[in-house]
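Novice: here is my input; please provide its structure:
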Amino acid sequence: MVACAQVDPNFFGQEVRFTTTDNLEISADMYLTENEDDPVIVLCHQAGFSRGAYREIAPKLNALGFHCLAIDQRSGKTAQGVENETHKRAKESGMATAYADAVPDIDAAIKYAYEEISNDVILWGSSYSAALTFYLGATHNDDIKAILAFSPGEYMKVKGKNIEEYAALVTCPVFVTSAKNEQKQWQGIYDAVQSEKEFFLPKTKGFHGSKCLWKLSPGHEEYWRAVGKFLKLL
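Specialist: Numbering: from 1, shown residues only. Sure, this is the predicted structure:
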């Protein structure tokens with residue numbers, strides 16, 4: 001684990017790094033609670049974003065009793081003024097940065113979270129990474145305690161299969177939410193899930209991905225209530 005100096009006065013986490021199976025170094029922000037026995041949530045961002053998307057969200061999850069690990073995936077760019085360092089390294093190394101190429105990044109994050117933070121790992125995805133949570137959930141059934149998917153959809157195939165096919169193999173509890181008009185994008189995936197599941201749609205139009213929880217997003221309070229209710233059940 002490599003810790004870096006804290007620069008942003010509003011950043012209350014610690015930067016860590018770890019390596020994927022295809023030898024790409026991942027940058028991540030780790031937010032720990034005061035209780036080392038709390039579960040950990042692996043936070044994955046949407047397209048064009050970075051771990052910075054969770055600078056505001058992670059401390060609130062800490063307050064709910066969850067450690068957090070917000071990662072930079074190789075498919076992304078910037079969020080909240082935080083550059084995606086993993087994407088930068090991947091481009092410099094000539095590595096592919098399409099959505100499905102981020103699977104090793106999330107896989108490595110799950111492994112790091114499980115080995116270094118907590119045996120209770122919850123996987124959280126936004127947009128394309130929300131879709132990938134179902135693939136990772138299906139292939140890590142023994143390691144994933146729950147999935148939270150913000151605006152998932154059939155954005156890509158993974159190993160030649162649709163996301164819906166992997167959703168059918170998930171055995172942990174699943175929570176899905178999105179903007180109000182996005183339900184048709186994830187309904188097939190949601191219907192395929194055979195484990196305990198629930199979804200939330202806002203009364204207002206809502207927002208795409210995890211940014212629905214940002215305080216500047218109108219209606220963020222009702223999203224937070226739904227998320228908190230699901231997490232409390234875990």
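Novice: how far away from the center of its chain is stretch 84-98?
Specialist: Here stretch 84-98 is found 19 Å from its chain centre; the criterion is CA atoms, centre = their mean, to the nearest Å.
Novice: for it, give me every contacting residue.
Specialist: Stretch 84-98 has contacts (CB atoms under 8 Å, 6 or more residues apart in numbering) with 22, 24-27, 49-51, 71-78, 101, 105, 156. C-beta: built from backbone N, CA, C; applies to glycine.
Novice: and those residues, which of them are in strands?
Specialist: When the contacts of stretch 84-98 are checked against strands (DSSP state E), the matches are 25, 26, 27, 71, 78.
Novice: out of those, which end up buried?
Specialist: Among those, the ones that count as buried by 16 or more other CB atoms under 10 Å are 25, 26, 27, 71.
Novice: the closest residue to residue 112 other than its chain neighbours and residue 43, how far apart?
Specialist: With sequence-adjacent residues excluded and distances taken as CB to CB, 6 or more residues apart in numbering, residue 112 is closest to residue 18, at 4.6 Å. From residue 18 across to residue 43, the span is 15 Å (CB to CB, to the nearest Å).
Novice: cool, and residue 138?
Specialist: Distance from residue 138 to residue 43, by CB to CB: 20 Å.
Novice: these two: which is more packed in?
Specialist: Higher neighbour count among residue 138 and residue 43: residue 43, with 27 against 21, using other CB atoms under 10 Å.
Novice: and that one, what does it touch?
Specialist: Per CB under 8 Å, 6+ apart, neighbours of residue 43: 51, 53, 54, 57, 58, 68, 69, 70, 71, 124, 210.
Novice: and of these, the nearest to residue 146?
Specialist: Distance ranking of the contacts of residue 43 against residue 146, using CB to CB, places residue 124 first at 9.0 Å.
Novice: pretty sure that closest one belongs to a helix, no?
Specialist: No. Going by DSSP: H, G, I helix; E, B strand; the rest coil, the assignment for residue 124 is strand, not a helix.
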